[in-house]
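1. take a look and give me a structure for this.
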Amino acid sequence: MARLGDRLRELFLRWVLDLPLERAHQAGLRLLKENLSPAQRHQLELLNFFDVVGGDTGSHYRIHFDDRMNIEQIGPSGKIVVKLCLVPKEHLPVGDTVLAQKLALELFETEVLRVAARIPPLQLSCLPREFRY
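-> Below you'll find the predicted structure:
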C-alpha cells in the first residue's frame with residue numbers, strides 16, 4: 001500500500017502542476033540512461049543499481065534505483081562501508097535524483113561526503129525488516 005506522503009505527492013503533481021507522473025518518471029529514466037556508460041546501463045537494467053567511482057578519492061559507490069538511502073560506499077573487500085542519503089530539496093522523479101547523485105559523486109565527491117546523511121553498516125542490521133535493502 002502506498003504511503004500517504006507518496007500518494008499526496010502524486011496528487012499534487014497531477015492536480016497542481018498538471019504533470020503526469022508517469023511521463024515525468026519516464027523522462028527522468030531516459031535522461032539517466034543517456035548519461036550512463038554502457039556498463040552502468042547494463043548494470044541498471046540487470047540489477048537495478050550501477051557502480052560509480054568517486055571523482056576525488058576514487059572510492060567505489062553503488063547507486064540503487066531509489067530516491068532515499070540508496071547509495072552504498074563499497075570498501076576494498078566488497079562490503080558496504082556506509083550507506084548514504086543525498087536527496088534534492090524538491091521532489092524529483094527517481095531517475096533525475098539518481099542522475100544528480102551520480103554526477104555529484106563523480107564531480108563533487110568531497111562535498112557529497114560532507115553533507116550526506118550516513119548509516120554505518122552495523123546500524124543497518126538494527127532496522128526493521130521493511131526498512132532494509
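
2. relative to Q26, how far out is H60?
-> 29 Å (Cβ to Cβ, to the nearest Å). For the C-beta atoms, the positions are set from N, CA and C on the backbone; glycine is no exception.

3. any idea where the strands of this structure begin and end?
-> Secondary structure of the chain (DSSP state E): strands at 49-53, 60-64, 71-74, 80-85, 117-119.

4. got the end-to-end distance for stretch 28-43?
-> By Cα to Cα, to the nearest Å, the extent of stretch 28-43 from end to end equals 17 Å.

5. what is the mean pLDDT for that stretch?
-> For stretch 28-43, mean pLDDT is 96.

6. cool, stretch 119-133 as well?
-> Taken as a whole, stretch 119-133 has a mean pLDDT of 56.

7. which ones are touching L29?
-> By Cβ atoms under 8 Å, 6 or more residues apart in numbering, the contact set of L29 is P93, V94, G95.

8. and L32, how far from F108?
-> Applying Cβ to Cβ to L32 and F108 gives a distance of 18 Å.

9. the two - which one has more neighbours?
-> For L32 versus F108, neighbours defined as other Cβ atoms under 10 Å are more numerous around L32 (24 against 15).

10. tell me the bridge partners for L84.
-> When bridges are called by DSSP bridges, L84 pairs up with I71, R118.

11. separation between it and V112?
-> From L84 across to V112, the span is 7 Å (Cβ to Cβ).

12. please apply the same query to L99.
-> Taking Cβ to Cβ, one finds L99 at 14 Å from V112.

13. right, and R62 touches N48 too?
-> No: taking contacts as Cβ atoms under 8 Å, R62 lies outside contact range of N48: 10.6 Å.

14. can you list the weak-confidence ranges in this structure?
-> Scanning the chain for pLDDT under 70 picks out 1-2, 10-21, 122-133.
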